[in-house]
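K.L.:
build me a structure from this.
(one chain, ligands or ions: 1)
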Amino acid sequence: MKVTIFGSGYVGLVTGACFAEAGNQVVCVDIDAGKVARLQQGDIPIHEPGLDVLVKRNFDKGRLKFTTDAEEGVRHGLFQFIAVGTPPEEDGSADLSHVLAVAETIGRHANEYRIVVDKSTVPVGTADKVRERIDQTLGERGVRVEFDVVSNPEFLKEGAAINDFMKPDRVVVGTDNPRTAELLKTLYDPFTRNRDRMIVMDVRSAELTKYAANAMLATKISFMNEVANLAERMGADIEKVRVGIGSDPRIGYSFIYPGAGYGGSCFPKDVKALVHSAGEHGFDARLLKAVEAVNKQQKQVLFRKINDFFGGKLQGKTIAVWGLAFKPNTDDMREAPSRELIEALWQAGAKVRAYDPVAMAEAGRIYGKRDDLELVESSEAALDGADALAIVTEWQEFRSPDFELLQRTLASPVIFDGRNIYDPALVRSFGLTYYGIGRPELAS
Ligand SMILES: NC(=O)c1ccc[n+]([C@@H]2O[C@H](COP(=O)([O-])OP(=O)(O)OC[C@H]3O[C@@H](n4cnc5c(N)ncnc54)[C@H](O)[C@@H]3O)[C@@H](O)[C@H]2O)c1
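P.N.:
Take a look at the predicted model:
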């Protein structure tokens with residue numbers, strides 16, 4: 001099948017590469033000429049495990065093409081996927097300008113039937129706006145072209161995106177046209193071989209499903225962080241509580257890890273956007289507001305612990321930071337808790353020596369060169385001359401460090417474990433002071 005994807009970011013690129021891998025002819029369109037040029041050279045602008053191999057193979061076979069030529073894209077695909085960004089506006093609402101710009105492009109160049117598929121995360125009612133924009137643009141051209149607008153939200157997780165796309169838990173399709181649903185089913189069949197995973201519903205329900213899924217996951221995290229804050233004050237250990245509640249199948253073990261707060265390009269913006277949409281419908285989404293407020297606070301917890309430990313005297317101190325990406329296996333630092341910590345440390349006059357297995361270039365891009373930030377080549381190098389260590393991302397390579405080295409190297413020596421990846425008793429047995437999230441705070 002012929003597929004066009006607008007937007008070659010985390011979602012568009014993965015979608016394009018996976019559809020091409022299944023044998024489809026895919027054209028990826030992006031307005032970022034630099035990104036397109038890199039992709040044409042086989043240089044993948046993001047870190048996503050397995051994506052480079054997939055892109056290269058399909059590019060070499062001629063099934064995957066990258067272009068800035070929107071007209072070519074519109075002419076190519078029966079399916080026109082919209083996978084552009086929907087960043088938050090100042091008021092928390094989703095910025096639909098990129099989505100609607102693509103709609104306009106499709107209206108400007110379409111000459112035959114097209115299925116326009118919203119894969120970007122968009123508020124309920126966006127499909128109507130996309131339809132209107134295409135209609136309006138076609139009207140300006142004075143032509144009549146049939147088209148459908150479908151909602152097909154994406155549920156992939158950065159860091160496991162290829163696997164999620166190739167073996168989805170579900171493919172949600174919002175359309176009231178059974179013929180369009182059939183065509184999408186054919187397109188997705190290779191990824192849902194062992195059982196049908198397509199859930200077809202009306203467009204608005206599909207749009208809301210995506211927000212509901214992310215809001216639910218964000219709620220789980222904020223809930224656990226709230227209980228962690230209680231545990232800390234009550235002398236209980238959240239890690240024991242986590243195991244205790246997770247054993248109830250109605251609760252389950254997934255996604256109930258306390259930590260330094262959720263980040264990334266999705267949860268923060270999607271919770272905000274849903275709160276905003278609720279307001280537009282005259283509804284005060286109090287639970288969602290609390291989820292966001294708890295998360296905002298949680299992102300400051302590590303800094304507070306560090307600041308308290310040093311008695312508010314961080315001026316001239318150096319803090320080693322392990323982990324910059326908002327979660328492991330990605331280089332994405334959008335809304336990452338590390339940023340909140342680093343910026344608070346700078347504000348307090350401290351210096352940061354940071355290491356992340358893949359997000360160093362991204363950190364350099366965000367912060368540029370500055371005297372109070374050293375981006376170093378290894379986790380050990382981050383410890384040199386540091387007073388304390390903060391762990392912000394739970395990368396596998398941080399899980400079994402040389403605690404003797406840590407004890408010898410850190411001036412204080414203290415670990416602030418923002419992801420509870422260590423056994424406090426073990427860490428303390430090496431003469432290190434340990435602070436986790438929601439764990440009793442004993443000095444060594
Ligand atoms: N990143 C994720 O894990 C994830 C998961 C599920 C859903 N989503 C949603 O998918 C959407 C895309 O997210 P992302 O993380 O891939 O974004 P991204 O910022 O990584 O990529 C968006 C791309 O769209 C391009 N673009 C912007 N306007 C364009 C236009 N008019 N024509 C062509 N290209 C254009 C940008 O240059 C950029 O390369 C968002 O709505 C997001 O909420 C993201």
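
K.L.:
pLDDT (mean, whole number) over stretch 157-174?
P.N.:
The pLDDT scores in stretch 157-174 average 97.

K.L.:
what's around the residue of the stretch 301-444 of the chain found nearest the ligand, how many residues?
P.N.:
For the stretch 301-444 of the chain, the residue closest to the ligand is Asp332, as judged by Cβ to the nearest ligand atom, at 7.0 Å. In this view, the C-beta of every residue, glycine as well, is placed from N, C-alpha and C. Neighbourhood size, Asp332 [other Cβ atoms under 10 Å]: 25.

K.L.:
is it true that it touches Ser265?
P.N.:
Yes - at 6.4 Å, Asp332 counts as touching Ser265 under the criterion of Cβ atoms under 8 Å.

K.L.:
low pLDDT regions in the stretch 1-150 of the chain?
P.N.:
Scanning the stretch 1-150 of the chain for pLDDT under 70 picks out nothing.

K.L.:
what parts of it come near the ligand?
P.N.:
6-12, 29-32, 35, 83-86, 98, 101-102, 120-121 (Cβ under 6 Å from any ligand atom).

K.L.:
which of those residues count as buried?
P.N.:
Neighbour counting by 16 or more other Cβ atoms under 10 Å classes 6-12, 29-31, 35, 83-86, 98, 101-102, 120-121 among those as buried.

K.L.:
sorry, back to before: name the element the residue of the stretch 301-444 of the chain closest to the ligand belongs to?
P.N.:
If you go by DSSP states H and E, Asp332 is not part of any helix or strand.

K.L.:
which residues does it contact?
P.N.:
Tyr10, Ile46, Glu158, Gly264, Ser265, Ala325, Phe326, Ala359, Glu362 (Cβ atoms under 8 Å, 6 or more residues apart in numbering).

K.L.:
Ile5 now?
P.N.:
Gly12, Thr15, Gly16, Phe19, Val26, Val27, Cys28, Val29, Gly77, Phe81, Ala83.

K.L.:
out of those, list just those in helices.
P.N.:
Under the assignment DSSP state H, these contribute Gly12, Thr15, Gly16, Phe19 to helices.

K.L.:
and those, which is closest to Glu280?
P.N.:
Gly12 (27.6 Å; Cβ to Cβ).

K.L.:
and the closest one, what is it in contact with?
P.N.:
Gly12 makes contacts with Ile5, Phe6, Cys28, Asp30, Phe81, Ala83, Val84, Lys119, as judged by Cβ under 8 Å, 6+ apart.

K.L.:
so which of the residues you listed belong to strands?
P.N.:
If you go by DSSP state E, the contacts of Gly12 have Ile5, Phe6, Cys28, Phe81 in strands.

K.L.:
now the second one: closest residue in space that isn't a chain neighbour?
P.N.:
Once its chain neighbours are removed from consideration, Phe6 has its nearest residue in Val102; the separation is 4.5 Å (Cβ to Cβ, 6 or more residues apart in numbering).

K.L.:
spell out which parts of the stretch 151-300 of the chain neighbour the ligand.
P.N.:
Counting by Cβ under 6 Å from any ligand atom, the stretch 151-300 of the chain sits next to the ligand at Glu154, Leu156, Glu158, Ser265, Cys266.

K.L.:
the third one should be in a helix, yeah?
P.N.:
Read it as Glu158. No - using DSSP: H, G, I helix; E, B strand; the rest coil, the assignment for Glu158 is coil, not a helix.

K.L.:
quick one: residues contacting the residue lying closest to it once chain neighbours are set aside.
P.N.:
Of all residues not flanking Glu158 in the chain, Thr330 sits nearest, at 4.2 Å (Cβ to Cβ, 6+ apart). By Cβ under 8 Å, 6+ apart, the residues touching Thr330 are Ile46, His47, Glu48, Glu158, Gly159, Val358, Ala359.

K.L.:
a helix runs through Thr393, doesn't it?
P.N.:
No - counting by three-state DSSP, Thr393 is not found in a helix; it is coil.

K.L.:
what's the local residue count around the closest residue to it other than its chain neighbours?
P.N.:
Distances taken as Cβ to Cβ, 6+ apart put Gly323 closest to Thr393, at 2.6 Å, once the chain neighbours are dropped. Neighbours of Gly323 under the rule other Cβ under 10 Å: 29.

K.L.:
quick check: phi and psi on Gly323?
P.N.:
Gly323 adopts backbone torsions of phi 100, psi 120, taken as degrees, to the nearest 10.

K.L.:
do I have it right that it meets Glu397?
P.N.:
No - look at Gly323 against Glu397 with Cβ under 8 Å: they stay out of range, at 9.8 Å.

K.L.:
what about the strands in this protein?
P.N.:
2-6, 25-29, 64-67, 79-82, 114-118, 147-151, 171-174, 198-201, 318-322, 351-355, 373-375, 388-391, 414-417, 433-435.

K.L.:
would you mind giving these as JSON lines with distance to Phe191 added?
P.N.:
Listed next are those as JSON lines, based on distance: least, Cβ to Cβ, whole Å:
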{"stretch": "strand 2-6", "distance to Phe191": "13"}
{"stretch": "strand 25-29", "distance to Phe191": "14"}
{"stretch": "strand 64-67", "distance to Phe191": "16"}
{"stretch": "strand 79-82", "distance to Phe191": "14"}
{"stretch": "strand 114-118", "distance to Phe191": "15"}
{"stretch": "strand 147-151", "distance to Phe191": "17"}
{"stretch": "strand 171-174", "distance to Phe191": "7"}
{"stretch": "strand 198-201", "distance to Phe191": "10"}
{"stretch": "strand 318-322", "distance to Phe191": "36"}
{"stretch": "strand 351-355", "distance to Phe191": "36"}
{"stretch": "strand 373-375", "distance to Phe191": "38"}
{"stretch": "strand 388-391", "distance to Phe191": "36"}
{"stretch": "strand 414-417", "distance to Phe191": "38"}
{"stretch": "strand 433-435", "distance to Phe191": "44"}
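
K.L.:
for Phe155, give me its contacts.
P.N.:
Asp164, Pro168, Asp169, Arg170, Val172, Lys210, Ala213.

K.L.:
from the contacts of Thr330, which two are the most distant?
P.N.:
The distance between the two most remote of the contacts of Thr330 (Cβ to Cβ) is 12.5 Å, for Glu48 and Ala359.
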